[in-house]
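K.L.:
Generate coordinates for the sequence data below:
(one chain, ligands or ions: 1)
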Amino acid sequence: MKICRFDDDRLGVVIGDMVHDVTKAQDEIRAAARYDMKGDAVIAALPQWRKRIEEMAAKVPGQPVSGVKLLSPVARPSKVMAAPVNYAKHVAEMAARTDIRKPDAPKRNSSKIAEAGIFLKANSAIVGASEGIPIRFPDRINEHELELVIIIGKKGSDIPKEKALDYVAGYALGFDMTTRGPEDRSFRKSIDGYAPVGPWLVTADEFGDPSDVTATLHVNGELRQTANTRELIFDAPRLIEFASSFYTLHPGDIYFTGSPAGVGPVKPGDVLRARCDRIGELEIKTRAHEIRA
Ligand code: MN
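P.N.:
I've put the predicted structure just below:
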């Protein structure tokens, strides 16, 4: 099943090119959820609600997905995690760059994920496909990092990798957008709009095994990145094991799995089009940030 959020915070099931509105389920789930819960009530309720949501979707006519405003498929994650240095070719391309770091400057982070750990992006950076990415500092280097995104389905801590995929609600595409510069990584990667996720969540049962998944990114029609999760240094189960050795994971938590090689600059007005056969297409536009008090 493909689940989206759209328009003014509505819940939808995507079937083919159509969205079927199941917002009534979302209303009921949220009304029954505790305010102080950690994580997203709808994602937490999916195992119990799955069948009913499918039945509701089948009963209502769809509307073209091209005509709705797509939001992040998760409204309220407890955190956004992200893996750095998780593809060898990306580690190599970053090590070779002189435009973002003086050759003699000390390295801030290890290039080995086991030593570097993962990092967090602010929840407020999350946007959906139709919201676009406001480029905050167009005079600096702003780059796309195409990544497969895991959405956690249930609470867990110290999860062994053998059981890790049981904790996955589904998958989406995402961009770990980055302003390069001297500040702490999490600061530069948490700018509003710098965590696009979408276009929807594909449930884990429909998505299947995450160990051999290809995704591509075109910017303004030019191929920039191709990822295959076979090349991940820490694969999805190991990433979950690693994160949950430090943090309790909660339903709806978002996990960027790392960027392959080919990261590159964007400027306001660019069109980013990520594609994965098992998910679909995440198309998002960049624009100039508007200063608002
Ligand atoms: Mn990244």
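
K.L.:
Do a quick rundown of the helices in this protein.
P.N.:
23-32, 41-59, 88-95, 113-116, 185-188, 204-207, 236-244 (DSSP state H).

K.L.:
Wait, residue 210 touches residue 171, no?
P.N.:
Yes. Residue 210 is within contact range of residue 171, at 6.6 Å (criterion: C-beta atoms under 8 Å). The C-beta positions use only the backbone N, C-alpha and C, and glycine is treated the same way.

K.L.:
anything in contact with each of the two?
P.N.:
148, 150 (C-beta atoms under 8 Å, 6 or more residues apart in numbering).

K.L.:
Which of these two has more residues huddled nearby?
P.N.:
Comparing residue 210 with residue 171 by other C-beta atoms under 10 Å, the one with more neighbours is residue 171, at 25 against 20.

K.L.:
pLDDT score assigned to the closest residue to the more buried one other than its chain neighbours?
P.N.:
Leaving aside its chain neighbours, residue 171 sits nearest to residue 207 (4.8 Å; criterion: C-beta to C-beta, 6 or more residues apart in numbering). At residue 207, the pLDDT value in this model is 98.

K.L.:
what's the pLDDT at the residue of the chain found nearest the ion?
P.N.:
Using C-beta to the ion, the closest approach of the chain to the ion is made by residue 176 at 3.3 Å. Note on residue 176: pLDDT of 98.

K.L.:
contacting residues for it?
P.N.:
Here residue 176 is in contact with 82, 121, 145, 147, 189, 194, 195, 256, 259 (criterion: C-beta under 8 Å, 6+ apart).

K.L.:
if we go to 6 Å?
P.N.:
By C-beta atoms under 6 Å, 6 or more residues apart in numbering, residue 176 lies in contact with 82, 145, 147, 256.

K.L.:
Repeat that for residue 151.
P.N.:
Applying C-beta under 6 Å, 6+ apart to residue 151 gives the contacts 169, 170, 201.

K.L.:
So which of these wins on neighbours?
P.N.:
Among these, the one with the most neighbours (other C-beta under 10 Å) is residue 201, at 30 neighbours.

K.L.:
Determine the set of other helices and strands touching the lowest-mean-pLDDT helix or strand in the chain.
P.N.:
The helix or strand of the chain with the lowest confidence, counting by mean pLDDT, DSSP states H and E, is helix 88-95 at a mean of 88. Packing contacts for helix 88-95, counted by 3 or more C-beta pairs under 6 Å, 6 or more residues apart in numbering; DSSP states H and E, involve no helix or strand.

K.L.:
Return the alpha-carbon coordinates of that helix using PDB.
P.N.:
What follows is helix 88-95, C-alpha atoms only, in PDB (Å, rounded to 0.1, in the frame of the first residue of the first chain):
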ATOM      1  CA  ALA A  88      32.400   4.200  -0.500                       C
ATOM      2  CA  LYS A  89      32.300   6.200  -3.800                       C
ATOM      3  CA  HIS A  90      30.600   9.200  -2.000                       C
ATOM      4  CA  VAL A  91      33.200   9.000   0.700                       C
ATOM      5  CA  ALA A  92      35.900   9.200  -2.000                       C
ATOM      6  CA  GLU A  93      34.300  12.000  -3.900                       C
ATOM      7  CA  MET A  94      34.000  14.100  -0.700                       C
ATOM      8  CA  ALA A  95      37.600  13.400   0.300                       C
END
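
K.L.:
what's the offset of it from the middle of its chain?
P.N.:
21 Å (C-alpha atoms, centre = their mean, to the nearest Å).

K.L.:
If you count neighbours, what's buried in it?
P.N.:
90, 91, 93, 94 (16 or more other C-beta atoms under 10 Å).

K.L.:
that older thread, so which of the helices of the chain has the densest surroundings on average?
P.N.:
helix 236-244 (a mean of 22; mean count of other C-beta atoms under 10 Å).

K.L.:
got a pLDDT number for the residue located most distally from the centre of the chain?
P.N.:
Centroid-distance maximum for the chain: residue 104 at 33.7 Å, with C-alpha atoms, centre = their mean. For residue 104, the pLDDT comes out at 70.

K.L.:
heads up, I number from 14, so please use that
P.N.:
Fine by me, first position is 14 from now on; the one you just mentioned is residue 117.

K.L.:
how close does it sit to residue 111?
P.N.:
11 Å (C-beta to C-beta, to the nearest Å).

K.L.:
again, but for residue 235
P.N.:
23 Å.

K.L.:
How about residue 144?
P.N.:
Counting by C-beta to C-beta, the gap from residue 144 to residue 111 is 34 Å.
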